[in-house]
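Asks: Okay, sequence plus prediction incoming.
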Amino acid sequence: MPKGPVFYYFPRKVDILRALPAERLPSHPLCEPVEVAGPGDPVASLVALARTLGLGRHESIVLRTIIWRESGTHPEVREHLKALRDSIIELTERVLDVAIEHTIDPVMRRQAAQTFVAVVMDEANTQRFDGAGPDVAGAARIIGNALASETT
């Protein structure tokens with residue numbers, strides 16, 4: 001698209017940066033826990049969640065690069081990314097609640113969800129520089145095994 005129409009609709013760079021996350025990145029989870037969680041199988045549930053979210057499948061690696069870079073200087077972009085991360089953590093906790101058949105410590109569940117989301121987001125970001133991403137299934141196994149033995 002030529003620059004003229006872009007600047008007609010978005011007179012300033014910050015206007016584009018406000019519109020991109022709202023239009024191109026979800027601000028809420030893309031599924032319900034029961035769609036991906038299998039009772040008694042937290043590992044498969046976490047892997048299914050990562051696959052369903054598909055953070056690394058976004059159509060534009062360039063867009064992800066711009067959004068992550070600009071989050072450091074534009075509060076609107078940073079807040080959108082924070083809201084996305086927080087909602088995915090909450091979804092991960094709810095998936096774990098369905099998948100794990102015993103009660104687990106809420107602090108441990110939150111830490112497990114934060115760890116898993118960090119791995120999933122790292123996997124999406126490594127595509128920006130063609131790096132070898134983390135092993136999401138391996139992280140799910142570690143988290144699932146740790147939570148399987150955890151009871152309150």
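Replies: Ah, there it is.

Asks: how much space is there between the spatially closest residue to residue 74 that is not a sequence neighbour and residue 9?
Replies: Nearest residue to residue 74, sequence neighbours excluded (C-beta to C-beta, 6 or more residues apart in numbering): residue 17, at 5.2 Å. (C-beta placed from N, C-alpha, C; glycine too.) Going from residue 17 to residue 9 by C-beta to C-beta, to the nearest Å gives 13 Å.

Asks: Kindly report the same for residue 143.
Replies: Taking C-beta to C-beta, one finds residue 143 at 44 Å from residue 9.

Asks: out of those two, which sits in the more crowded spot?
Replies: Using other C-beta atoms under 10 Å as the criterion, residue 143 and residue 9 rank with residue 143 on top: 21 against 9.

Asks: Now name the helix or strand holding the more buried one.
Replies: Assigned by DSSP states H and E, residue 143 belongs to helix 136-148.

Asks: Which strands and helices lie in contact with the helix or strand harbouring residue 96?
Replies: Here residue 96 sits within helix 75-99, counting by DSSP H and E. Packing partners of helix 75-99 (3 or more C-beta pairs under 8 Å, 6 or more residues apart in numbering; DSSP states H and E): helix 13-24, helix 33-36, helix 42-53, helix 61-70, helix 106-126.
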